[in-house]
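Undergrad: The following block contains a protein sequence and its predicted model.
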Amino acid sequence: MLEVATQPPLSRIKSIVGGSAGNLVEWYDWYAYSVLTIYFAPVFFPKEDPTAQLLSAAAIFAVGFLMRPIGAWLMGIYSDRHGRKSGLALSVALMAGGSLLIAVSPTYASAGAVAPITLVIARMLQGLSVGGEYGASATYLSEMAIRNRRAFWASFQYITLVGGQLLALAVVVLLQFTMSETHLQEWGWRVAFGVGAVLAFAVYILRTRLAETKSFTNLAEDRPKSSMLNLWREHPREFLIVAAISGGGSIAFYSYTTYMQKFLVNTSGFSRSTATEIMTIALVVFMLVQPLWGVAADRWGRKPSLYLFGFGGMAASYPVFSAVSHATSPLTALGLILILLVLLGAYTAISGLIKAELFPPHIRTLGVALPYAIGNTLFGGTAEYVALWFKQAGAESGFYWYLTAILGMATVGFLLLPETKRTSLIVED
């Protein structure tokens, strides 16, 4: 295996780009399902009611979300035992298989109940993949980066994550522009998943050629096993801290991005196209601030950035959501949303790094992945449901308080977290 110490700078950068490229593909495929549901739902679910079709497709989306902790558990152990690049390659291979399966899946008209079953299997594969990708890529990027530039390079995880969302949106817009609504609903949506499968396969080849990290190659053959039991037994405090901060970061991410687009339509009264334009610009800015926050964390430490997000998010979420709910100007809404996203960037830029720096190398990937997936599923995955529940109950502002409370939970985690710039357990450079 090629060791990090022998890598010239350009080779190290290639490894980091390869480690993060899969993240873009993973989130392209994951987000494409959400964006294209309105087109392919009638193909798999023969109900006459469009709402029932969308609900069926959304239920399968939720199945993928529930698979993420399982993926984090299995893939985390696999990466700790067989290597970071092996975990990265397996993760993107699962995503390629899931996307290809959706692209070629039969319709209900041709195969009956086999069609939705195929869709469920595909989403299970994708859920396993996304669950494993976060821990594997966060660990790989953190271990591969130079010590005094770790936060900068770690920020590429969310650059590519948001980039995947934007790429999915761009492909859908291109399909809408180049084909009729009828063709898009009949077969055009398959093109987007086919593109995702091809991209994932290309990244799989790239990842099989990556260098392994020195943190893994330095591990002794008789090292302790990576397992859920050992993780909890050896690192219960770190497990709970990571789960808490992941819950707060995840609910903020989904509230400020995916739910915010619906909020702009359902509450603020903007058209769907205007809401899409606002959020596209907002996501581009959010993506671009990631490396800036990474540089800040390299210079001043991790905790100042985390405190800015934690206390800032608690202070800003309620007034910003309230102000956006009454906004009539797209520019005003955009400016308000950017307040939240810039604050969130202080966390997302280093979210994987601060977790990787907490755990020893023999159990690091699992330590990053599993508690993150649990916090993400409990609070991030349910954010939209909780928000809509409060709205339906006629107490929409209750969600703003709920969001603030979960951010408070994360902020307690930040207070308990050591300054990992000084105490990092990633000792190799």
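TA: Perfect, thanks for sending it. Numbering: from 1, shown residues only.
Undergrad: Please count neighbours and contacts with C-alpha atoms only from this point.
TA: Noted.
Undergrad: what's in contact with the helix or strand containing Val203?
TA: Secondary-structure element containing Val203, defined by DSSP states H and E: helix 189-208. Residues from elsewhere that reach helix 189-208 (C-alpha atoms under 8 Å, 6 or more residues apart in numbering): 18-19, 21-22, 25-26, 28-29, 32, 36, 39-40, 85-86, 88-90, 92-93, 95-100, 102-104, 168, 171-172.
Undergrad: Setting the sequence-adjacent residues aside, check what's closest to the residue nearest to the spatial centre of the chain.
TA: The residue lying closest to the centre of the chain (C-alpha atoms, centre = their mean) is Leu161, at 6.0 Å. On the basis of C-alpha to C-alpha, 6 or more residues apart in numbering, the spatially nearest residue to Leu161 that is not a chain neighbour turns out to be Leu24, at 5.2 Å.
Undergrad: Just the mean pLDDT for the helix or strand that the one you found is a member of, thanks.
TA: In this structure, Leu24 is located in helix 9-44 according to DSSP H and E. Model confidence over helix 9-44 averages 79 on the pLDDT scale.
Undergrad: now the angle from that helix to helix 189-208?
TA: 150 degrees (axes from the mean of the first three to the mean of the last three C-alpha atoms, to 10 degrees).
Undergrad: For helix 9-44, name the packing helices and strands.
TA: Using 3 or more C-alpha pairs under 8 Å, 6 or more residues apart in numbering; DSSP states H and E as the contact criterion, the neighbours of helix 9-44 among helices and strands are helix 50-82, helix 84-104, helix 108-111, helix 114-144, helix 156-178, helix 189-208.
Undergrad: Make JSON lines out of those helices and add distance to Asp222 and mean pLDDT.
TA: Written out in JSON lines, the entries for the helices and strands packed on helix 9-44 read as follows (distance: least, C-alpha to C-alpha, whole Å; pLDDT from 0 to 100):
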{"stretch": "helix 50-82", "distance to Asp222": "11", "mean pLDDT": "79"}
{"stretch": "helix 84-104", "distance to Asp222": "18", "mean pLDDT": "92"}
{"stretch": "helix 108-111", "distance to Asp222": "51", "mean pLDDT": "84"}
{"stretch": "helix 114-144", "distance to Asp222": "21", "mean pLDDT": "88"}
{"stretch": "helix 156-178", "distance to Asp222": "31", "mean pLDDT": "89"}
{"stretch": "helix 189-208", "distance to Asp222": "25", "mean pLDDT": "92"}
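Undergrad: Identify whichever of those lies nearest to Glu357.
TA: Nearest to Glu357 among those is helix 114-144 (8.0 Å), distances taken as C-alpha to C-alpha.
Undergrad: Which phi and psi values does Ala245 adopt?
TA: One thing to correct before we go on: residue 245 is Ile, not Ala. Backbone dihedrals for Ile245, given as degrees, to the nearest 10, come out at phi -70, psi -30.
Undergrad: Using the record's domain definitions, break this protein down for me.
TA: The chain resolves into domains spanning 1-221, 236-358+382-417 when parsed by automatic domain parsing.
Undergrad: quick check, distance from the shortest one to the centre of its chain.
TA: Chain-centre distance of domain 236-358+382-417: 13 Å, with C-alpha atoms, centre = their mean, to the nearest Å.
Undergrad: same check, this time on the first one
TA: Put simply, domain 1-221 sits 10 Å off its chain's centre (C-alpha atoms, centre = their mean).
Undergrad: Begin at 35 from now on, thanks
TA: I'll keep to 35 as the first residue from here, and by that count the last item is domain 35-255.
Undergrad: and the helices and strands packed on helix 43-78 as JSON lines, adding distance to Gly386?
TA: Output for the helices and strands packed on helix 43-78, formatted as JSON lines (distance: least, C-alpha to C-alpha, whole Å):
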{"stretch": "helix 84-116", "distance to Gly386": "14"}
{"stretch": "helix 118-138", "distance to Gly386": "14"}
{"stretch": "helix 142-145", "distance to Gly386": "41"}
{"stretch": "helix 148-178", "distance to Gly386": "5"}
{"stretch": "helix 190-212", "distance to Gly386": "8"}
{"stretch": "helix 223-242", "distance to Gly386": "19"}
